[in-house]
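Q: how would this look folded up:
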Amino acid sequence: MITLRNLTRHYGDGDVRVTALAGVSLDIERNEFVAIMGASGSGKSTLMNILGCLDQQSSGDYLLDGRAIGSFSDDDLSSLRNQHIGFIFQTFHLLPRLSAMRNVMLPLRYGQVDEVIAKERARTMLERVGLGHRLEHKPFEMSGGQRQRVAIARALINNPKVIFADEPTGNLDSKTSLEILELLKELHREGQTIVMVTHEAEIAEHAQRVIRMSDGVVVEDSRCTV
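A: Numbering: from 1, shown residues only. Sure thing, here's the model as predicted:
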């Protein structure tokens with residue numbers, strides 16, 4: 001699913017040049033659940049942004065499902081993100097004035113899917129994450145865990161090839177965090193590829209594989225029991 005070869009990312013020039021990634025090479029297979037760990041400044045967030053096509057590498061190769069992402073135009077990247085990638089963020093990124101259903105429908109509306117079809121698919125996804133009773137509730141009317149479930153439903157709406165989860169439990173209490181992790185594990189068991197960034201070892205242990213980063217390079221790549 002994902003192939004990286006000698007990936008680098010630099011910011012700035014000359015004396016102010018910063019190297020965020022210093023030659024990352026790895027493979028992530030279809031239907032893996034991978035956690036990327038590292039301290040602040042390790043490069044894990046930069047790597048996630050490149051994997052999610054929100055940023056592009058300075059050098060090296062990134063292949064997503066066999067396609068060389070470095071050659072994509074901005075429009076191509078936007079289309080790829082909308083159609084093939086699902087995002088889950090720590091801060092949910094829900095639009096406050098829209099209902100749960102309308103938030104989940106957004107990726108379909110950008111893709112100009114008929115509204116009746118979009119509503120039905122959004123309803124199905126919200127039921128899938130246990131929120132069939134909260135379709136018309138707005139984010140401020142829901143708990144943090146419920147908001148994250150809405151975000152997961154939105155990430156799933158276009159049947160993505162891969163889901164990128166950036167600190168998905170960072171704003172949740174321990175009980176709710178476990179509920180969200182169990183949902184991610186269930187999605188993985190059903191065949192979903194998931195790449196999750198976290199700085200917490202106890203969260204990473206729920207993944208199938210843990211990649212640890214430091215100073216812009218991979219320093220450990222291990223498998224664990226899910």
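
Q: which helices and strands sit right next to the helix or strand harbouring Ala165?
A: Secondary structure from DSSP states H and E places Ala165 in strand 162-166. Applying 3 or more C-beta pairs under 8 Å, 6 or more residues apart in numbering; DSSP states H and E, one finds that strand 162-166 contacts helix 44-51, strand 85-89, strand 193-198. In short, each C-beta sits where N, CA and C put it, glycine included.

Q: if the one residue sitting closest to the centre of the chain is in a bridge, with which residues?
A: When C-alpha atoms, centre = their mean is applied to the chain, the residue found nearest the centroid is Phe164 (1.5 Å). On the basis of DSSP bridges, Phe164 is bridged to Phe87, Val195.

Q: please apply the same query to Ala35.
A: Going by DSSP bridges, Ala35 forms beta bridges with Met196, Val210.

Q: ok, it touching Met213?
A: No: if you go by C-beta atoms under 8 Å, Ala35 and Met213 don't touch, sitting 11.0 Å apart.

Q: returning to that earlier point: chain center to the strand holding Ala165, what's the gap?
A: 2 Å (C-alpha atoms, centre = their mean, to the nearest Å).

Q: same deal with stretch 134-150?
A: 19 Å.

Q: would you mind writing the CA trace of it as PDB?
A: Taking Å, rounded to 0.1, in the frame of the first residue of the first chain, the C-alpha atoms of stretch 134-150 are listed here in PDB:
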ATOM      1  CA  ARG A 134     -27.200  11.400  16.900                       C
ATOM      2  CA  LEU A 135     -27.700  12.200  13.200                       C
ATOM      3  CA  GLU A 136     -29.000  15.700  13.700                       C
ATOM      4  CA  HIS A 137     -26.900  16.700  16.700                       C
ATOM      5  CA  LYS A 138     -24.200  19.400  16.300                       C
ATOM      6  CA  PRO A 139     -20.700  18.900  17.600                       C
ATOM      7  CA  PHE A 140     -21.300  21.100  20.700                       C
ATOM      8  CA  GLU A 141     -24.200  18.800  21.600                       C
ATOM      9  CA  MET A 142     -21.900  15.700  21.700                       C
ATOM     10  CA  SER A 143     -19.200  14.400  24.000                       C
ATOM     11  CA  GLY A 144     -15.500  14.200  22.800                       C
ATOM     12  CA  GLY A 145     -15.800  10.500  22.100                       C
ATOM     13  CA  GLN A 146     -19.000  11.100  20.000                       C
ATOM     14  CA  ARG A 147     -17.300  13.900  18.100                       C
ATOM     15  CA  GLN A 148     -14.400  11.600  17.300                       C
ATOM     16  CA  ARG A 149     -16.800   8.900  16.100                       C
ATOM     17  CA  VAL A 150     -18.300  11.400  13.800                       C
END
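
Q: which helix of the chain spans the most residues?
A: In the chain, with assignment by DSSP state H, the single longest helix is helix 174-189.

Q: that one packs against which elements?
A: Applying 3+ C-beta pairs under 8 Å, 6+ apart, we find helix 174-189 packed against strand 33-37, helix 144-156, strand 193-198.

Q: so for it, mean pLDDT?
A: Helix 174-189 comes out with an average pLDDT of 92.

Q: run through who's touching that helix.
A: 31, 33, 129, 143-145, 148-149, 152, 156, 163, 165, 168-169, 172, 194, 196, 203, 206, 208, 226 (C-beta atoms under 8 Å, 6 or more residues apart in numbering).

Q: fine by me, we can end here.
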